[in-house]
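Student: sequence and predicted structure below; questions after.
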Amino acid sequence: MAGLTPQLPLALSSTDGTYQLVQTYKDLAKQNFKNLLFTSPGERMMDVHFGVGLRNFLFENDGEFLYGAIQAKIHDQVAKYLPFIIIMDISFVTPKMGGFQGQPNNFLSMQIEYAIGPLDTVDNLAITIPGTN
């Protein structure tokens, strides 16, 4: 079966050709969304404004201001680079909320519920970025 693009991270495939391929538009939208979230501004040489840079927020002071800044950055970047994605909800889990025993205090965990407009489908993205002990 022909695919749309190489699946990230790259992995060898015996069925898709050299690398495993993304097979559906829903998975492609999710991969592009994750790429936008994890790319730091300045990292993409031909477009230094591309990316949310979630890791850059790891050592900021925890609180509503931080979560508001992250949400604003995500909404701004999605509107500019992935206009077919509609953010429905962004929720955060913090060390203070519990449920993360053994996790260092400097981690970022969030759930993003979004719709893919042209596909008329809803998906969910759970992200946890571990810090260091």
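Tutor: Structure received.
Student: ok, which stretches of this structure are helices?
Tutor: 25-38, 64-81 (DSSP state H).
Student: those helices: which one's closest to residue 91?
Tutor: For residue 91, the closest of the helices of the chain is helix 64-81, at 9.1 Å, according to Cβ to Cβ. C-betas here are computed from N, CA, C, even on glycine.
Student: just the buried positions in that closest one, please.
Tutor: For helix 64-81, a neighbour-count test (16 or more other Cβ atoms under 10 Å) marks 67, 70-71, 73-74, 77-78, 81 as buried.
Student: for those, which one is nearest residue 46?
Tutor: residue 81 (12.9 Å).
Student: the closest one reaches residue 36, doesn't it?
Tutor: Yes - at 5.8 Å, residue 81 counts as touching residue 36 under the criterion of Cβ atoms under 8 Å.
Student: okay, strands next: where are they in the chain?
Tutor: According to DSSP state E, the chain carries its strands in the segments 5-6, 21-22, 85-93, 108-116, 121-129.
Student: figure out which of these is closest to residue 60.
Tutor: Of all those, it is strand 108-116 that lies closest to residue 60, at 9.3 Å by Cβ to Cβ.
Student: what is the burial count for the nearest residue to residue 130 once chain neighbours are set aside?
Tutor: Nearest non-adjacent residue to residue 130, counting by Cβ to Cβ, 6 or more residues apart in numbering: residue 107, 5.1 Å away. Neighbourhood size, residue 107 [other Cβ atoms under 10 Å]: 16.
Student: alpha carbons only: can I get stretch 32-44 in PDB?
Tutor: Only the C-alpha atoms of stretch 32-44 are listed here, as PDB (Å, rounded to 0.1, in the frame of the first residue of the first chain):
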ATOM      1  CA  ASN A  32       2.400  17.400  11.700                       C
ATOM      2  CA  PHE A  33       0.800  18.700  14.900                       C
ATOM      3  CA  LYS A  34       3.300  16.900  17.100                       C
ATOM      4  CA  ASN A  35       6.100  18.300  14.900                       C
ATOM      5  CA  LEU A  36       4.800  21.800  15.400                       C
ATOM      6  CA  LEU A  37       4.500  21.300  19.200                       C
ATOM      7  CA  PHE A  38       8.000  19.900  19.700                       C
ATOM      8  CA  THR A  39       9.900  22.100  17.200                       C
ATOM      9  CA  SER A  40      11.500  25.100  18.900                       C
ATOM     10  CA  PRO A  41      11.300  28.500  17.200                       C
ATOM     11  CA  GLY A  42      14.600  29.100  15.300                       C
ATOM     12  CA  GLU A  43      15.100  25.300  14.800                       C
ATOM     13  CA  ARG A  44      13.700  25.300  11.300                       C
END
